[in-house]
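S.K.: Just need the structure, nothing else, for what follows:
(2 chains)
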Amino acid sequence: MHTTGRRTFLKGLGTLAVPILAACGGAASPTAAPTTAPAKPTEAPKPAATTAPAATSAPAAAATTAPAAATKPAAAGAASPAAGATTAPAGATAAPAGAAATQPAGAPAAAGGPAPKTKSGASLKILLWSHFVPAYDDWFDKYAKSWGDKKKVDVKVDHIQNATIPARLAAESSAGAGHDLFEFQAVLQAATYKDKLVDLTDIYNLVGPKYGGWTAMAKTFGLVEGKRMAIMDYAILQPHLYRVDYFKDAGYDKFPDDYPTLLEATTKIRAKNKDHVCGLPLSNCNDGNHNWRSVIYSFGGAEQSEDGTKVTIASDETLAAIKFGVDLYKAGMTDEVFSWDDSGNNRLLLSGRGAWIDNATSAYITAKDQAPDVYKNSAIGLQPKGPGPKGGRRNGVDGNAWAIWKWANDADTAKAFIVDWYDQWKDWGKVTNGYNSPPLLDMWKKPMPGLEDPNFQIMQDWRDIAFVAGWQGTFNAAIEEVNATFVVPNMVARAVRGESPEAAMKWGESEYKRIFQKHGLPG
Amino acid sequence: MAAAAAYAAERRQSRRALRKKLLVYAGLCVYAVVAGLPVYWMFITAFKPNPDLYNLKAFPLFFNEHGVTLEHVALLFNKTGFTTWAGNTLIVAVAVVLITLLFAVPAGYALARLRFRGAESLTIGIFMTYLVPTTLLFLPLVKIISTIGLFDKLGSLIVAYPTFTIPFCTWLMAGFFKTVPFEIEEAAMVDGCSRLGAIARVVLPLSLTGMFTVAIFAFTLSMQDFIYALTFVTSSDQKVITVGVVTELIRGDVFFWGSLMAGALIAGVPVAILYTFFLDRFVAGITGGAVK
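M.R.: Numbers count the residues shown, from 1 in each chain, chains lettered A, B, ... in the order given. This next block holds a predicted model:
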């Protein structure tokens, strides 16, 4: 009796142990590779201009020569739409006349080969971030459904929080299943998953000419070894959101035009009220990434050479930017910036303590409902200029991009959806109040949809001062990792915490070089 | 004289007892405040209007100038799929509890009673698997889930969660079975019960406390998991609360604090009630299992 029972239980135990051990043993599975070890690239990414059509003026040049009128918002701190509109940067006027802004939605492709065809009866599963503007999600879901009904495609859209997208993509990559079409949100991983993504070069070449060509930032986004593994759907600009009343009290009728004046104004504002501070995150969050890139780029510091092979972060300009960061922290920030996530600076502004932050317009728009007094006294300011001979007006922005998994139910159907989505640019521009900043030149013709509100019109002058990570090269695999490991904000944070700026920069350079060499680049 | 001395001694003793009680309750009060404050704050936030939430001059632990609002709760129920997620969470939690009991009880019994070679090491080994973090496991597990065709289905969670509930609960049950005197079981068998009969008639009824503990533990773990729920399921109609509220109520860098807190509060209440009802059994189960 005893023996039988023991055997029975041992058998049961064995049955139990097998799946548990199998599951645990699986931890060492090589399937984890995509998240931890980005795909081994790469030949040096080609400069965008050689592979992309219809370029505008070089970004650096455009940034440093941004028109004076655009840099001077109107009185009382409000951004000047009229000034911006009449003095559009060269790139904006370079767009071919009569291009897509006047084209009806769904106009046939102008160039770049045949449009992809949908397969009747196919299914299309789309993964997007939960957009800051809920109305966009509503619009997108309705549009996707009607598109699917029209094309006889079963379309399903899922939205998840942006910070959780990388984990979800890692899971889908490991499973080889999940969605067909998805959106990288700020954290571009086109190089990481290059072997698992469909080449979208044909779509890039099809859509670009239709709308006067891609913007400079879109040209370098998602380009992996000469192929378009992801293409930008829109960028999220990062203007300065500031309290008009605080600046006025300190003697500034408008948002400072350059960083030294901004530092001076911040000091004066805090001297008047010690609670009125500014905030750029010195933590591992996406806002930290692009906020400090704006400072470094504007001071003239660059992350890598134009061909993307050499690390150039250690420079006199970057050093000056780091020193500025230390001074700005001492003058106008509190230690809360070390613990912020992406919502930290939003909360600072909404609380009424924030004198200024560098963020997408989300913080400003949210204030309308959540903190009406803050909204009433706030405005959107242009990116300040950096000092010195290489200084300019360069704003680090987030980019989002479409990508299709290789195991998509029908890649051509997914491609067709993308092409048709670009044709709806007026609708998605309008519904997001211009939060979705277009990646194609003709879509920047004034007046841009969604930016009719005078407070937002300054955003129409942003195209040539907008830079995604990796300047002066492309957003390559190494930069993807630099971005994902928050080297830039950590470099500044080290100096702010007491390390010498030189040592902090040296640390930053060593991190860049380590990452570049890991990706097979000289560094 | 002697009576007076006895009276004084008695008073001293009662004062000492009172002092001791006061100290104990003071300590408990501090602990209760520390433990309860976040929940209280969550409650206040769930019903506080936005202008007060973002006004730093407004004391966060009281309702302020704009009073109380139900708009956060309304948003939660009217503009998100909260009820669906709550239903999904319940389905998953109940299924995981059943599966965990089904495996952990016999496995725990075997480890406690059947003295085979390596039983002790196996007990420790099973417990150790509980310590492997889910962040390491989700990638290999997702492959298994995909292979068996459960990717993006609620069933994936029902299959995955037992991988971390069963090891701990087996260890817990093994410890608990050791507290049940073997003589009772033996007596049942002497009286004619088979081993299975003795388990069913004697051991299990005496182990109800342990099984309650296991059930509560599995239920709570299933409700609070995030990483598996996030990576295995994306469809809105398949989401559980932990992922659903985060997905719909955190949009980029904008947090809908009021609704987030309302969602967390509503999800937390059933668990809190469960703990309140079965607290004694839970404590007995945990300590009974732990000391052996």
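
S.K.: and whichever residue of the stretch 1-150 of chain B sits closest to chain A, how far is that from A:Glu452?
M.R.: Across the stretch 1-150 of chain B, the shortest distance to chain A (Cβ to the nearest Cβ) belongs to B:Pro140, at 2.8 Å. No exception for glycine: its C-beta is placed from N, CA and C like everyone else's. Distance from B:Pro140 to A:Glu452, counting by Cβ to Cβ, to the nearest Å: 52 Å.

S.K.: follow-up on the earlier one: tell me the pLDDT of the residue of the stretch 1-150 of chain B closest to chain A.
M.R.: Note on B:Pro140: pLDDT of 89.

S.K.: what about it, how many residues close to it?
M.R.: Number of residues near B:Pro140 (other Cβ atoms under 10 Å in any protein chain shown) recorded here: 21.

S.K.: Only the buried residues of the one helix or strand it maps to, if you could.
M.R.: For B:Pro140, the element it lies in under DSSP states H and E is helix B:134-147. By neighbour count on 16 or more other Cβ atoms under 10 Å in any protein chain shown, the buried set for helix B:134-147 is B:Thr134, B:Leu137, B:Phe138, B:Leu139, B:Pro140, B:Leu141, B:Val142, B:Lys143, B:Ile144, B:Ile145, B:Ser146.

S.K.: Extract the C-alpha trace of it and format it as CSV.
M.R.: What follows is the C-alpha trace of helix B:134-147 in CSV, where atoms were taken according to Å, rounded to 0.1, in the frame of the first residue of the first chain:
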residue,chain,number,x,y,z
THR,B,134,9.8,36.7,-14.1
THR,B,135,11.8,39.2,-16.0
LEU,B,136,14.2,36.4,-16.9
LEU,B,137,11.5,33.9,-17.6
PHE,B,138,9.1,35.8,-19.8
LEU,B,139,11.1,35.5,-23.0
PRO,B,140,11.6,31.7,-23.0
LEU,B,141,8.1,31.3,-21.6
VAL,B,142,6.6,33.4,-24.4
LYS,B,143,8.0,30.9,-26.9
ILE,B,144,6.3,28.0,-25.1
ILE,B,145,3.1,30.0,-24.9
SER,B,146,3.3,30.7,-28.6
THR,B,147,4.0,27.1,-29.5
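
S.K.: do you know how far whichever residue of the stretch 401-523 of chain A sits closest to chain B is from A:Trp214?
M.R.: Here the stretch 401-523 of chain A gets closest to chain B at one residue, A:Tyr435, 9.1 Å apart by Cβ to the nearest Cβ. According to Cβ to Cβ, A:Tyr435 stands 20 Å off from A:Trp214.

S.K.: thought A:Lys310 was touching A:Gln517?
M.R.: No: under the criterion of Cβ atoms under 8 Å, A:Lys310 is not in contact with A:Gln517, lying 11.5 Å apart.

S.K.: which regions of the chain lie under the pLDDT threshold?
M.R.: Looking at chain A here, since you left the chain open. A:1-113 (pLDDT under 70).

S.K.: Correction: the question concerned chain B.
M.R.: For chain B (pLDDT under 70), the answer is B:1, B:284-292.

S.K.: quick one: the one helix or strand B:Ser14 maps to near chain A?
M.R.: Using DSSP H and E, B:Ser14 sits within helix B:2-46. No: judged by Cβ under 8 Å from any Cβ of the partner chain, helix B:2-46 stays clear of chain A, getting no closer than 13.1 Å.

S.K.: Can you name the element that comes right after that helix?
M.R.: helix B:50-53.

S.K.: Packing partners of that following helix?
M.R.: For helix B:50-53, the elements it packs on are helix A:362-370, helix B:257-290, judged by 3 or more Cβ pairs under 8 Å, 6 or more residues apart in numbering or on different chains; DSSP states H and E.

S.K.: So what sits opposite the most centrally placed residue in chain A in the bridge?
M.R.: In chain A, the residue lying closest to the centroid (Cα atoms, centre = their mean) is A:Asp398, at 1.2 Å. For A:Asp398, the beta-bridge partners are A:Ile236 (DSSP bridges).

S.K.: Do a quick rundown of the helices in the stretch 51-200 of chain A.
M.R.: Counting by DSSP state H, counting those that start in this stretch, the segments of the stretch 51-200 of chain A that form helices are A:59-64, A:81-86, A:90-93, A:134-151, A:165-175.

S.K.: The last one packs against which elements?
M.R.: The reference is to helix A:165-175. With contacts taken as 3+ Cβ pairs under 8 Å, 6+ apart, helix A:165-175 sits against helix A:33-36, strand A:123-129, strand A:181-185, helix B:134-147, helix B:227-232.

S.K.: change it to 6 Å
M.R.: With contacts taken as 3 or more Cβ pairs under 6 Å, 6 or more residues apart in numbering or on different chains; DSSP states H and E, helix A:165-175 sits against helix B:134-147, helix B:227-232.

S.K.: Dump those helices to a markdown table, plus distance to B:Glu186.
M.R.: Formatted as a markdown table, the helices and strands packed on helix A:165-175 follow (distance: least, Cβ to Cβ, whole Å):
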| stretch | distance to B:Glu186 |
| --- | --- |
| helix B:134-147 | 41 |
| helix B:227-232 | 42 |
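
S.K.: could you dump stretch A:380-395 to PDB, C-alpha only?
M.R.: Taking Å, rounded to 0.1, in the frame of the first residue of the first chain, the C-alpha atoms of stretch A:380-395 are listed here in PDB:
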ATOM      1  CA  ILE A 380       5.200  77.700 -25.800                       C
ATOM      2  CA  GLY A 381       8.700  79.000 -26.400                       C
ATOM      3  CA  LEU A 382      11.100  78.400 -29.100                       C
ATOM      4  CA  GLN A 383      14.300  76.300 -28.600                       C
ATOM      5  CA  PRO A 384      17.000  78.700 -27.300                       C
ATOM      6  CA  LYS A 385      20.200  79.100 -29.200                       C
ATOM      7  CA  GLY A 386      23.500  77.900 -27.800                       C
ATOM      8  CA  PRO A 387      26.500  80.100 -27.500                       C
ATOM      9  CA  GLY A 388      29.800  80.000 -29.400                       C
ATOM     10  CA  PRO A 389      30.800  79.700 -33.000                       C
ATOM     11  CA  LYS A 390      29.200  76.300 -33.300                       C
ATOM     12  CA  GLY A 391      26.200  77.200 -31.300                       C
ATOM     13  CA  GLY A 392      22.800  77.100 -32.900                       C
ATOM     14  CA  ARG A 393      19.100  76.300 -32.300                       C
ATOM     15  CA  ARG A 394      18.800  72.500 -32.300                       C
ATOM     16  CA  ASN A 395      16.000  70.700 -30.600                       C
END
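
S.K.: List the buried residues of it.
M.R.: Neighbour-count burial for stretch A:380-395 [16+ other Cβ under 10 Å]: A:380-387, A:390-395.

S.K.: From those, which land in helices?
M.R.: Among the buried residues of stretch A:380-395, none falls in helices (DSSP state H).

S.K.: now for those, which pair is the farthest apart?
M.R.: The widest separation within the buried residues of stretch A:380-395, taken as Cβ to Cβ, falls between A:Ile380 and A:Lys390 and amounts to 26.2 Å.

S.K.: that older thread, taking their axis directions, the helix holding B:Ser14 and helix B:257-290 sit at what angle?
M.R.: 140 degrees (axes from the mean of the first three to the mean of the last three Cα atoms, to 10 degrees).
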